Structure formats: structure tokens, C-alpha cells
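Colleague: coordinates only, sequence not included:
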């Protein structure tokens, strides 16, 4: 990279607050290649969230479906049968069978038809459902519940789940993965639209410091991290969080994280949800001030 590359002209005008990042011109585009069934992709999420909390004013994230799906013949997506109930195109497959990973993949594409934010919320919900609740996200009923939990238009989601538009979107993802020679998940590819250098590809799961270093290298400057939101604000945004996730975001030990979350549990701001030996926390609403008044 050119070390003399001029810094962003707006760098001195950037507000480092968490809420301001959505309004700033973002030079970095980050493609995150995931397999919705991949545990390492789930483990990557806290690092992506921390990266976004601290440096999200500099980059956008686009999720691309890859993983096991790259081994599929995209033409198989066109083998359909007519649904008797809805008249919509549907796959000739058993949705209960985990050998068919394109079911949640298609669901992600269907969710994204309702907007990029909706797609990200849906990805989060199906990963929580799989890795926290241990439910089968290849089951159509489970996916519909995830769509509802992600505040999607469920009726539209059901219509789009097996439609040709969702299939074509998935085929485009598989094609992009082949073009970028992505053969492992998770993989992150970063491009800086301000320079002509080639993108940087990171295949596999790394410590957070590596992602931070690579972002700074491709950005060609050392930005100051944004001020992190309060824990309550973060919980309001995420609704459900894991202990490990909070630990990563706030650079706390697991013990300190547990203590901070238990304080909020005592205030009835969160509740602990323990599923299969994994601890997660669900936001119940309110603030410390509001909850304290309820005890008076």
C-alpha cells in the first residue's frame, strides 16, 4: 500500500459518537462470507460488532452466503415443484434435513429483500436460534419464527422464501464467492474505495487485534476508536446478547461481565436465558433510573 496516501479530508470533522457513524461517508467496503450453519461464523460476530462499535464510521458490511453452499450446483436451485397451498415455487427437498444448507441461506436472501438492515437482523436471529437455542434452522416454521422475532413482514417473507428472486440472489452470492476465490468460512474481504489497491482477504477466525490492524492498514491511517455506548444502550440495540459477546465488546473479563449483567438483572432490565450450558441475556426494557422508580 502507498504509505503517502492522503488521509480522508473529513477526518478532522468526524464525530466519534456511536450514533453518528451512520451519517459519515464510509470508504471501506467489507464483504463477510458466512455459512449460517458454521460455528466459526457465529464466533466471528462479537469481533465484527466490536469493530463496528469502534470504527463503524469508516466501513459498511455486506454479508455474502458461502461455506458448504459453494459445493452445490447452483442449477439445482431451479429444480422446483408447485406448492398446492400458495402457488409459490418450492424446493423438492425435506426441510428437516441438514444436508440442505441452502434453506436458511435462501431465507437470508428473502429477508434481505426487505432491506439490508432487515437481512442483518434476520442473520442474527437465526444464529441465535441455532447456537443459543439449538433449534433446526432448516425447518421452515423455525425460520418464520425467526423472521417474526427480527420484526420482518412475515407474510412477505413467506412469499419470498422460495421465490426466483431469492434464488437468483443466492446464485449471485455463490458466484461472488467463486470470483473472490473464497473457499472457507468465515472469510472477510476489504476494499478501500479511496485507493486503487487490491482488496485484503482474511480467511478463518482471528483475534480481534488482527481485524483491527488490517482495517487500519487498508484505511492507511490510525483512527481514534469511537466512544462505546453504555451497556444498556447496547442491550437496547441488540435485544439478546451472549456473555462472551459483551466481554469482547467492552474488554471485560468474563467475571466482570457477569457482575455487570447481574446488576442489570437485579434491576429487572435484563433476564438471563441459559440454553444448553450457554449463557445469554435478554433485554426487558427500561433504564436504571426508570427501574429504580418502580421500587419506590
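Modeller: That came through, no problem. The model shown is predicted, which means the values in this text are computed figures rather than measured ones.
Colleague: Where does pLDDT dip in this structure?
Modeller: Filtered on pLDDT under 70, the chain yields the residue ranges 1-24, 67-101, 274-278, 286-296.
Colleague: can you do 80?
Modeller: Applying pLDDT under 80 to the chain picks out residues 1-25, 67-101, 196-197, 274-278, 286-296.
Colleague: Domain map for it?
Modeller: The chain breaks down by automatic domain parsing into domains covering 25-219, 231-294.
Colleague: so what's residue 273 up against?
Modeller: Counting by CB atoms under 8 Å, 6 or more residues apart in numbering, residue 273 touches 132, 240, 279, 280, 281, 282. Using the backbone N, CA and C atoms, a C-beta is placed for each residue, glycine as well.
Colleague: Show the end-to-end separation of stretch 214-233, please.
Modeller: With CA to CA, to the nearest Å as the measure, the first residue of stretch 214-233 is 28 Å from its last.
Colleague: Tell me where the stretch 51-200 of the chain has helices.
Modeller: Per DSSP state H, counting those that start in this stretch, the stretch 51-200 of the chain carries helices over the ranges 102-112, 116-131, 140-149, 154-160, 164-179.
Colleague: How about residues contacting the first one?
Modeller: Helix 102-112 has contacts (CB under 8 Å, 6+ apart) with 36-37, 63, 65, 69, 72, 77, 91, 93, 95, 118-119, 121-123, 126, 137-138, 140, 143, 146-147, 150, 152, 157, 160-163, 165-167, 169-170, 173.
Colleague: now the shortest one
Modeller: Residues lying outside helix 154-160 but in contact with it, judged by CB under 8 Å, 6+ apart, are 86, 88, 107, 110, 111, 113, 114, 144, 147, 148, 166.
Colleague: Just send the helices of the stretch 51-200 of the chain back as JSON lines, with mean neighbour count and distance to residue 44 too.
Modeller: As requested, these are exported to JSON lines (neighbours: other CB atoms under 10 Å; distance: least, CB to CB, whole Å):
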{"stretch": "helix 102-112", "mean neighbour count": "25", "distance to residue 44": "16"}
{"stretch": "helix 116-131", "mean neighbour count": "20", "distance to residue 44": "10"}
{"stretch": "helix 140-149", "mean neighbour count": "19", "distance to residue 44": "19"}
{"stretch": "helix 154-160", "mean neighbour count": "17", "distance to residue 44": "25"}
{"stretch": "helix 164-179", "mean neighbour count": "17", "distance to residue 44": "16"}
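Colleague: which one of the contacts of residue 273 is nearest residue 27?
Modeller: Within those, proximity to residue 27 (CB to CB) peaks at residue 240, which comes in at 31.7 Å.
Colleague: by contact count, what packs against the one helix or strand residue 42 maps to?
Modeller: In this assignment (DSSP states H and E), residue 42 forms part of helix 39-55. Applying 3 or more CB pairs under 8 Å, 6 or more residues apart in numbering; DSSP states H and E, one finds that helix 39-55 makes contact with strand 28-34, strand 59-65, helix 116-131, helix 208-219, helix 243-250.
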